[in-house]
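Student: Pasting a predicted model and its sequence here:
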Amino acid sequence: MPPQAEPTPSGVVFESDTQTSDLGLAKDVSVLKKAAPKKYEYVWFNIFWFLFLHIGSAYGIYLGVTSAKWQTNVFAFLVHLMCAIGIGAGSHRLWTHRCYKAKTPLRVLLMIWQTMGFQDCIFEWARDHRTHHKYADTDADPHNAERGLFFSHMGWLCCKKSPEVIEGGRRIDVTDLYEDPVVMFQKKHYMKMMPILCFLLPTVIPVYFWGETWLNAFFIPTILRYTCGINVVWSVNSFSHTFGYRPYDKSLNPRDNIGVWMICVEGFHNYHHTFPWDYRATELPLYNMLTPTIVFIEAMAKIGQAYDLKSVSPEIVQKRTYRTGDGTHSLWGWDDPEFTEKLKEKYGSIHNTQQKED
Ligand SMILES: [Zn+2]
Ligand SMILES: [Zn+2]
């Protein structure tokens, strides 16, 4: 297939990518959304692997409620939490978006937890996720939501990457990842570390420490826990790109969805795609306080392991909401009395304001 790919950026990854004073792009990205007809080349190994995982997980749920020791179920949840923080605070907020900086002990811990979650090594995860933000909702987005709910959930992993995605990934700057020895160490030893951390240890620990059966230990803290972990991340790519409100930028597919937040504890996706370098999940303090990844980053900052945490000021959030939001913001929505007719006229549409930024 000829690599006829000329991806056009439709999103931002870092604050330095932005072009307007309210931290957006100076173009209407909604017109860039695209899913051209595509011939899917299936990756059968992944398809059968996902089938096994989901059938095995159903069995894991059955074992969890019928024969497992309570310690095994608690352990499965704790391992899930560690993996979620390894991916959420590690490969996502630290390594993809550089939302904060971390000292070596914290980077090593996050790398171990991220490996336990088995969703590719940090290097590949961060490069793919930067590609997702930079080319969001276009054919260069690895899980382009314009291609449908199933494709953006897991379908993209069941077929080969398209030339546009490969070209998009090639254009992403990853020099900072090459310069991080923790990331490079994991990349080099990933295929040795991952099976031990993701599959072997979660199976052996319950058998060795509290006499769980091999069957329960394999299907609950290992297969069921792993399958839950990947579905949580996939749900953000699929449901949060399809259902919900867009209070910050209505030109983007990513949406804020409380339902996804309740299941995945990461559902403010319109906020995240609008201000991806913000270490917080949302500007709303209560939800940050209930989000383990954010609580973890803040706790690490208190003990000096995390530092230089970046967040977006309320003034910028308000300004951006007025200009590009869909009017559903709880504070600055269309019905807000402070949102006068004059302001509506000024900020009401991204089409007529994109020329004259102040
Ligand atoms: Zn997204
Ligand atoms: Zn992101």
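Tutor: Sure, I can see it. Ligands and ions are numbered 1, 2, ... in the order given.
Student: in the protein, what spans have low per-residue confidence?
Tutor: The chain contains residues with pLDDT under 70 at 1-4, 331-340, 343-358.
Student: Tell me how many other residues crowd the residue nearest to residue 68 when sequence neighbours are not counted.
Tutor: Using C-beta to C-beta, 6 or more residues apart in numbering and skipping residues adjacent in sequence, the residue nearest residue 68 is residue 216, 4.6 Å away. From N, CA and C alone the C-beta is placed, and that goes for glycine too. Here the number of neighbours of residue 216 (other C-beta atoms under 10 Å) works out to 23.
Student: right, and residue 216 touches residue 63 too?
Tutor: Yes: the criterion here is C-beta atoms under 8 Å, and residue 216 meets it with residue 63 at 5.2 Å.
Student: Tell me which stretches of the stretch 201-350 of the chain form strands.
Tutor: 306-307 (DSSP state E, counting those that start in this stretch).
Student: Contact partners for residue 301?
Tutor: Counting by C-beta atoms under 8 Å, 6 or more residues apart in numbering, residue 301 touches 100, 307, 309.
Student: so which of the residues you listed comes closest to residue 164?
Tutor: residue 100 (31.4 Å; C-beta to C-beta).
Student: tell me the contacts of the closest one?
Tutor: So residue 100 contacts 93, 94, 279, 297, 301, 306, 307, 308, 309, 310 (C-beta under 8 Å, 6+ apart).
Student: Could you give me the ChimeraX syntax to select whichever of these are buried?
Tutor: In ChimeraX, this line selects whichever of these come out buried by 16 or more other C-beta atoms under 10 Å:
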select :93,94,279,297,301,306,309,310
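Student: which among the contacts of residue 301 gets closest to residue 175?
Tutor: For the contacts of residue 301, the nearest to residue 175 is residue 100 (18.9 Å; C-beta to C-beta).
Student: roughly how far apart are the closest one and residue 285?
Tutor: 17 Å (C-beta to C-beta, to the nearest Å).
Student: quick one on the thing from earlier: would you point out the most distant pair within the contacts of residue 100?
Tutor: Among the contacts of residue 100, 93 and 307 lie farthest apart (C-beta to C-beta), at 13.5 Å.
Student: and stretch 213-221, how far apart are its ends?
Tutor: Start and end residues of stretch 213-221 are separated by 12 Å (C-alpha to C-alpha, to the nearest Å).
Student: ugh, wrong one, stretch 189-199
Tutor: 16 Å.
Student: buried set for that stretch?
Tutor: In stretch 189-199, the ones that count as buried by 16+ other C-beta under 10 Å are 190, 193, 194, 197, 198, 199.
Student: just checking, the fourth one touches residue 116?
Tutor: Yes: in terms of C-beta under 8 Å, residue 197 counts as a neighbour of residue 116; the distance is 4.4 Å.
Student: Can you tell me the element residue 113 falls in?
Tutor: Following DSSP states H and E, one finds residue 113 within helix 104-116.
Student: before we move on, what about residue 79?
Tutor: Here residue 79 sits within helix 70-85, counting by DSSP H and E.
Student: any idea how far residue 128 is from residue 172?
Tutor: In this view, residue 128 and residue 172 are 9 Å apart by C-beta to C-beta.
Student: I should have written residue 26 there, sorry.
Tutor: Distance of residue 26 to residue 172, computed by C-beta to C-beta: 21 Å.
Student: Look at those two and report which has more neighbours.
Tutor: For residue 26 versus residue 172, neighbours defined as other C-beta under 10 Å are more numerous around residue 172 (17 against 10).
Student: For burial, what's the neighbour tally of the residue nearest to the more buried one when sequence neighbours are not counted?
Tutor: Among residues not flanking residue 172 along the chain, residue 130 sits closest, at 4.7 Å (C-beta to C-beta, 6+ apart). Here the number of neighbours of residue 130 (other C-beta under 10 Å) works out to 24.
Student: so which strand or helix has residue 130?
Tutor: helix 122-134.
Student: Which neighbouring elements make contact with that helix?
Tutor: helix 104-116, helix 163-170, helix 175-178, helix 181-194 (3 or more C-beta pairs under 8 Å, 6 or more residues apart in numbering; DSSP states H and E).
Student: I'd like these as JSON lines, with distance to residue 315 appended.
Tutor: Output for the helices and strands packed on helix 122-134, formatted as JSON lines (distance: least, C-beta to C-beta, whole Å):
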{"stretch": "helix 104-116", "distance to residue 315": "31"}
{"stretch": "helix 163-170", "distance to residue 315": "33"}
{"stretch": "helix 175-178", "distance to residue 315": "29"}
{"stretch": "helix 181-194", "distance to residue 315": "35"}
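Student: Residue 21 is nearest to which of the ones you listed?
Tutor: That would be helix 175-178 among the helices and strands packed on helix 122-134, by C-beta to C-beta, at 26.0 Å.
Student: Okay, buried residues for that closest one please.
Tutor: residue 177.
Student: Check what contacts it and list those residues.
Tutor: Against helix 175-178 from outside (C-beta under 8 Å, 6+ apart): 95, 98, 122, 123, 126, 127, 183, 184.
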